Every structure is written in C-alpha cells, then in structure tokens.
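J.: Okay, predicted coordinates and the sequence, questions at the end:
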Amino acid sequence: MLKIKNLHAKVGDNEILKGLNLDVKPGEIHAIMGPNGSGKSTLASVLAGREAYEVTDGVVDLDGTDLLELEASDRAREGVFLAFQYPIEIPGVSNLNFMKAAVNAKRDHNGQPPIKAKDFLAKVKECSSLVELDGRLRDRSVNEGFSGGEKKRNEIFQMAILEPKLCILDETDSGLDIDALRVVSKGVNAMRSPDRAFIVITHYQRLLDHIIPDFVHVLSNGKIVKSGGKELALELEAKGYDWIKEEQNA
Amino acid sequence: MAVLTDIFKSTLLPPTRRSERWKYSPISKLLNTSLSTDSEAINSGFSKEVDPNPVQGLEAYRLVLRNGKFDASLSDLPVAQGVVCMPMSEVEDGESPEFQNTYSQKEWVGELNESYHQDGMFLKIARNIKLDRPIVIHHLTDGIDVASFPRHFVRVEEGGEVDVVIWCSSTKKSSGMYNGLLEASIAPNASFMLEKVCNEDGEIYHFSHENIIQERDSRFMMHTFTVKGHWVRNELEIVSRGKGTDSIFNGAYLPTENEHVDNHTTMDHTSSDGTSSELYRGIMYGSSTGVFNGKVFVRPDAQRTNAFQQNTNIVADRGASINTKPELEIYADDVKCAHGCTVGQFDLDALFYLKSRGIQEKAAKALLVEAFLADVISSVPSTELRKEIMKIYQERHGW
C-alpha cells in the first residue's frame, strides 16, 4: 500500500530525514519508535503534506499514486489521515460542519453526491460513541476548550468518520491518562481492517499494549535503524535506545 | 477646469495628511475632480443594473434615493399609528428636524453636507411604538462625476423601537462622491438598530457619518459592512447622555484590489452605568489599504462604565495593509474598559488542519473567514440581510 524509499526531508537548512525506507501493506500496523529528535513527527508531517517540510529526495507511493506530488487536501482525499500530536483549535468552525465539509470533499473526489443529512448524522452518532465523545463536544467549535484527552478522542472520531486507508497516529498517546488511552485504542482497534493500514508513532510501549503492532521500527537520526516484531518494543522499554545506537556504531 | 472646492464652497478647508484623523485616508485625488449634483436625478429613471430592492426576501419598507433625490415610485414608506416616515423634502417648514450634531462645524465633509444637502429620510417613532418591519434606505449613485448629499434624521421616543438599513450601491461606470449623514436621537428606554452596507461599483468616494445621541437606558446597535467600495470612510459617533445606555457596534470590511476602507468610531460615555461593545474585523486582500480608529471616552461622571473594544485584522496578501489605532481616554476611576487590536495572517496551522482532512485550500479559507466574521455578523437582526451580505462576500472573494 505505502512504499517509502530513500526519503530525505529538511526544515530550513536542517536535514531531518536522511534516507528513510518503509513498506506498509494493507491490514498492517507499524509502530515507529525512537528517541527525541529522531524524525518521527517529521515523517508524519511529510506524509500528510505539511508545507514547512521540504522533501529533497526519495519516493512516497500510495497504491501507485505519488503522494509527494499532491497537496495536503488531495492526499487526504486519496485516503491519508494524520491524527495530530497537537490538534488545532479553530474557534467559530463547528466540529460537525468541519466533518461534513471533509466528508463531502472526499465524496466529491470519488464522484459521489454530497452525503444526505440523515446518513451523516447516523455516521456521526456511530463514530462518536466509538470514542465516547459526547454531543456537547461534537457540536462545539473544533477542539476549542477541549482537554488534551478530548482533543485526541476528537482526532480518532474524525478518523472514524473519514474512513481513511492509511492512518498515521502521531504520538496520539501523549497527554492521555489511562482511561483516555484505553478509549482511543479501542477506537483504533475497531477500525482495524484487512484493507486499512496504520502507522503508529509513539515514545512509549504502553500504547502498544493496547494497539498491538505487527512491526516495530526504530527511527534514529532520520533513518530506520532497526525493525522487528512487537517484542522489540518491550526490549526498547526495558533497555532504552542506547544499545541500538551502540549497535549502529559498532 | 473647475475643481471640487470651486464648485462646492466651504469655510473649512479640506483635510490633508497633516491632520491625524485623515493621515491614512488622503483625498487629494478627489479634490482634483470636477463633480456636480445631479439635478435630473429622478427624471432619468432608475438604473437597470441595480435592483431597487437590494435585499431580496427581506420584508421591509423602502425609501429609495437616486443621486441624492427621493424616488417616490420605487419607495414604500410605512404608514402606521405613531410612525412619521417621509422624505426630508416633504417635511413642512415648522416641522423640520433640529440636528444637534456639530459635524458641520468640525469637518469639511460635514460642512459640505450641511450646505449642499439633498433629500433623505425623516423618521419619528412615537412612544412605545415598535415598527413591524425594518426600513431600507437604498441610495444609488448612477452617473459620472456625481456628488450626492443625502441626510437622514431619526427620533425614537420613549420605549419605541425601529430597525433601519442603509444600503448604498452604484453602477459600474459611476464616479464621484457620496456624502451622507444620519443623526439619530434615542429617548429613554428606546431602541434603535442600524445596519449600513456599502456595496458600490465604480469609483465613488464614500463618506458617511452617523451621529447617535443616546438618552437614559436606551439601546443602540449598529453593524457597518463594507462589502464593496472604491474608497470608503465610515464615521460613527455615539454620545451616551444618560445613565445605563447600551451601545453595540460591529463592523466588517474585506477590501480587495486597490480599494480603501476607513472606519473611524467615537464612543463618548458622559453618563454613568453605560455599556458599550465594539467589534470590527477586517480581511485585507490584494493591494487594499485600511484604517481603523476607535476612540472611547469615559468622562468623569461616567462611573461604572463597561466599555469593550476589539479590532482584529487579517492581512491576506502581500500588497495589502492596515493602520489601526485604539484610543481610550478614561477620566472616571470606577470603570471597566478592555481593548484589543491585532493584525495578523491566516492561521496556517488551522489551514493545514482543515486541508489534512481533505478540504481544499479555497474551501478551508472560506471556513476560516466565515468563522472570523461570525462574531460580527451573527448579531444582525434580520436573517435575510445576513445571508445577502455573506452571499456578496462569497461571490466577491470566490469562496
């Protein structure tokens, strides 16, 4: 589904991704871990199309489409979804209007007519119960005055509504208490399907107790330096990252 | 060729950039033009380009002026118990209104209006009368080098209530000057709502001055929308002369290309326990220029005043600019005054967030603009008017 080859990206003069390779197949969950500053969030931003990042080399191919050629909105229409580490507050734009515009943008892209109000509301009801997002939050301005946990639940709510094929979760566990973590993970697990893939970026093993990955990759200094199964996460949790760095230097 | 000051004589001199009030809104170009009032204004008929009824679907009375002259055939004035509404030209000599404002002694623009004033609306709402529908004053400028000087007078007696819309339009080939004045005095516990929309094609220098006098416990709410206009100066002066008045005045401006929009407001609290709330928002596109100046006076007797003022600007394009200045002068010690003034750009993080959900740039910006304007526009009393204004903004800026 997603093939990243030799990806290089920089912000200003600062090169952050230095030849990253990753191959994600439908139905898989890939966890990306790594020390601070290794490029995890940069990878998420580059995939979603944030303009501040400049891709200097490499290929990102999503089911035959060159993602790097597309604007952020077109990537989303192609099925890429980024759950933000820090979701943005947008006063005055209602959460539901926002979602309706997003759903219709995608339908338009697929040559479908705008969604019927009744169908949309049914979808909203289904998805909000999935992440236990109550009506009060659903109807308010986008993320305005939401707590950290509410914002993250809202991200998963949006993900559920939009039904992307590639979900990128950027440190979705940061700032979450145990209960919120459980709710968010439940939402993600409910969305697992044979034709949907996930890239889960996290610092900590604890999220991976709830969302069980098929692969764990360690990102360090802009490259994936080690890959393994879910047990790699446990090893990292126990031993930290230093041993991998040493392995690299050896 | 005769220039403006030869044709329209005055004691006061036209403002120059040396005057602080006009520093960012020079009128030298206008002064070099040769304008005249249109004496045949009515006989030549209304333009086919502009609908005499500017807000479709709005149930309203209507007073139509073309180049400053009253057009009876297109007007529909209210006839109701306790309501006097007629063109100024039909007011009997003994009944003529006594304007209290001193604008004509202070400013050249005001003096011209005083000396050359044409027709306008004379409106009196009797005690406890609430007019059932708004009155739309539609002023059309149609012609080249036309000067219009409408003036309106409104008096709302105790407990009365009325909503007036002033809508200014002009045809594409028009040029000249619109110099309009409205004075309203609001008796104790009466309400006056005013919505002013400038939607002018062509090249008009648009000067409008509203002077509002509020007595005890009266309510005034105004919205000023500069939808379109070559060069627009909106001046609003509110004097609170009695205890417990409430004044709300909001404005929005979205100029583009080489348009110029200037909003000058003065809120003068002379009496105690008054509240005022002012919110002006602007988005500057293209090479447009803008000015905001908001004065709030809290005089020594105006204890327990609660005054709020905010001006928020987005400079959307590289060539656009805005000069904004809040001015508060507070002489009472037990007051609550807040003011804020910002100039910024579209929130790029918000824009990316919207785009990352599949919403395209243009639509994403439209969502942000609607949200930005919502606080200004949501308090407009009539839904139809609100919709019409948003529709024109949307068409203009291609959201």
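T.: Great, that's in hand. Numbering: from 1, shown residues only, chains lettered A, B, ... in the order given.

J.: Make sure I have this right: residue B:252 is in a strand.
T.: Yes - residue state for residue B:252 (DSSP: H, G, I helix; E, B strand; the rest coil) corresponds to a strand.

J.: And the strands in chain A?
T.: For chain A, applying DSSP state E gives strands covering A:2-11, A:14-24, A:29-33, A:54-62, A:65-66, A:80-83, A:90-94, A:141-142, A:166-170, A:197-201, A:215-220, A:223-228.

J.: got the ones you listed as TSV, with mean neighbour count columns?
T.: The way it works is simple: take the backbone N, C-alpha and C, and place the C-beta from them, glycine included. Formatted as TSV, the strands of chain A follow (neighbours: other C-beta atoms under 10 Å in any protein chain shown):
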stretch	mean neighbour count
strand A:2-11	18
strand A:14-24	17
strand A:29-33	25
strand A:54-62	16
strand A:65-66	12
strand A:80-83	26
strand A:90-94	20
strand A:141-142	22
strand A:166-170	25
strand A:197-201	25
strand A:215-220	22
strand A:223-228	17
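
J.: List just the one of those strands that sits closest to residue B:303.
T.: strand A:90-94 (33.6 Å; C-beta to C-beta).

J.: same for that closest one, what does it pack against?
T.: With contacts defined as 3 or more C-beta pairs under 8 Å, 6 or more residues apart in numbering or on different chains; DSSP states H and E, strand A:90-94 has these neighbours: strand A:141-142, helix B:348-355, helix B:361-377.

J.: Looking at residue 41 now. What's its pLDDT?
T.: Let's take chain A. Note for residue A:41: predicted pLDDT of 93.

J.: Wait, chain B was what I had in mind.
T.: According to the prediction, residue B:41 has pLDDT 63.

J.: Kindly provide the whole-number mean pLDDT of stretch A:240-248.
T.: 82.

J.: quick one on the thing from earlier: which one, of the helices and strands packed on strand A:90-94, ends up nearest to residue A:117?
T.: The nearest among the helices and strands packed on strand A:90-94, by C-beta to C-beta, is helix B:361-377 at 18.5 Å.

J.: Ignoring the adjacent residues along the chain, who's closest to the residue in chain A positioned nearest to chain B?
T.: Going by C-beta to the nearest C-beta, chain B is nearest to residue A:92 of chain A, at 2.7 Å. Nearest residue to residue A:92, sequence neighbours excluded (C-beta to C-beta, 6 or more residues apart in numbering or on different chains): residue B:371, at 2.7 Å.

J.: ok so, going back, can you pull the contacts of the residue of chain A closest to chain B?
T.: By C-beta atoms under 8 Å, 6 or more residues apart in numbering or on different chains, residue A:92 lies in contact with A:141, B:370, B:371, B:372, B:374, B:375.

J.: bridging residues for the residue of the stretch 101-250 of chain B found nearest chain A?
T.: Closest approach between the stretch 101-250 of chain B and chain A, counting by C-beta to the nearest C-beta: residue B:250, at 14.5 Å. On the basis of DSSP bridges, residue B:250 is bridged to residue B:223, residue B:279.

J.: Please name the residues that touch it.
T.: Counting by C-beta under 8 Å, 6+ apart, residue B:250 has contacts B:222, B:223, B:224, B:278, B:279, B:280, B:375, B:376, B:377, B:379.

J.: tell me the pLDDT at residue B:399?
T.: On the pLDDT scale, residue B:399 is placed at 71.

J.: Would you state the helices of the chain in chain order?
T.: All of this is about chain A. A:40-48, A:72-77, A:95-109, A:117-130, A:135-139, A:148-162, A:178-191, A:206-210, A:231-239, A:242-249 (DSSP state H).

J.: could you do chain B instead?
T.: Listed in chain order, the helices of chain B (DSSP H) span B:4-7, B:28-31, B:103-106, B:108-116, B:348-355, B:361-377, B:383-397.

J.: hang on, the earlier thing: the helices and strands packed on strand A:90-94: which one's closest to residue A:235?
T.: Nearest of those to residue A:235, taken as C-beta to C-beta: helix B:348-355 at 35.5 Å.

J.: Give me the contact list for that closest one.
T.: By C-beta under 8 Å, 6+ apart, helix B:348-355 touches A:49-51, A:71-73, A:76, A:84, A:87-88, A:90, A:93, A:98, A:101, A:142, B:361, B:364-365, B:367-368.

J.: ChimeraX command to pick out the buried ones of the residues you listed?
T.: This is how ChimeraX selects the buried members of the contacts of helix B:348-355, with burial counted by 16 or more other C-beta atoms under 10 Å in any protein chain shown:
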select /A:49,50,72,73,76,84,87,88,90,93,98,101,142 /B:364,365,367,368
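
J.: can you count the residues close to residue 127?
T.: You didn't say which chain, so I picked chain A. 23 (other C-beta atoms under 10 Å in any protein chain shown).

J.: meant chain B actually
T.: The burial count for residue B:127: 13, using other C-beta under 10 Å.

J.: What pLDDT does the model give it?
T.: 98.

J.: next one: residue A:225
T.: pLDDT, read off for residue A:225, is 92.

J.: my read: it touches residue A:241, true?
T.: No - the criterion here is C-beta atoms under 8 Å, and residue A:225 misses it with residue A:241 at 9.5 Å.
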